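Visitor: From the sequence below, what's the structure:
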Amino acid sequence: MSDRWLSVEEIAEYLGVSRDTVYAWIGKKDMPAHKVGRFWKFKADEVDEWVRSGKASEEPDDASSR
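Guide: Next up, the predicted model:
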């Protein structure tokens, strides 16, 4: 059942980052996430594509003005 929805905790563990990082990426880096009620849910294949596209490593917009 590899196509199941993952929680914030599961996607954080999958990516090797903290839950706070996941929440920051949702807001600042357009991480693919779906709000189900009050919970965020993720599809691993969507997150994998997002990482491969380079969006996870892009500098924030305000970093270019330093």
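Visitor: neighbours around R52, how many?
Guide: A count of nearby residues for R52, using other C-beta atoms under 10 Å, gives 9. The C-beta positions use only the backbone N, C-alpha and C, and glycine is treated the same way.
Visitor: Mind checking the pLDDT average for stretch 49-59?
Guide: Stretch 49-59 shows a mean pLDDT of 86.
Visitor: cool, stretch 13-31 as well?
Guide: Averaging pLDDT along stretch 13-31 yields 96.
Visitor: how long is that stretch from one end to the other?
Guide: 15 Å (C-alpha to C-alpha, to the nearest Å).
Visitor: cool, stretch 17-33 as well?
Guide: Using C-alpha to C-alpha, first and last residues of stretch 17-33 are 16 Å apart.
Visitor: what's the answer for stretch 18-34, then?
Guide: Using C-alpha to C-alpha, the end-to-end distance of stretch 18-34 comes out at 18 Å.
Visitor: Other residues contacting that stretch?
Guide: Stretch 18-34 has contacts (C-beta atoms under 8 Å, 6 or more residues apart in numbering) with 5, 8-9, 11-12, 15, 40-43, 46-47, 49-50, 55-56, 58, 60.
Visitor: Any chance of a ChimeraX selection covering the buried ones in those residues?
Guide: The buried residues among these can be selected in ChimeraX (16 or more other C-beta atoms under 10 Å) with this line:
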select :8,11,12,15,40,41,42,43,47,50,56
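Visitor: Which ones among the contacts of stretch 18-34 map onto helices?
Guide: Among the contacts of stretch 18-34, the ones falling in helices (DSSP state H) are V8, E9, I11, A12, L15, E46, V47, E49, W50.
Visitor: Am I right that D3 falls within a helix?
Guide: No - with DSSP: H, G, I helix; E, B strand; the rest coil as the criterion, D3 is assigned coil and is not in a helix.
Visitor: That one touches F42, doesn't it?
Guide: No - between D3 and F42 there is no contact under C-beta atoms under 8 Å: 11.8 Å.
Visitor: Contacts only, for K35.
Guide: K41.
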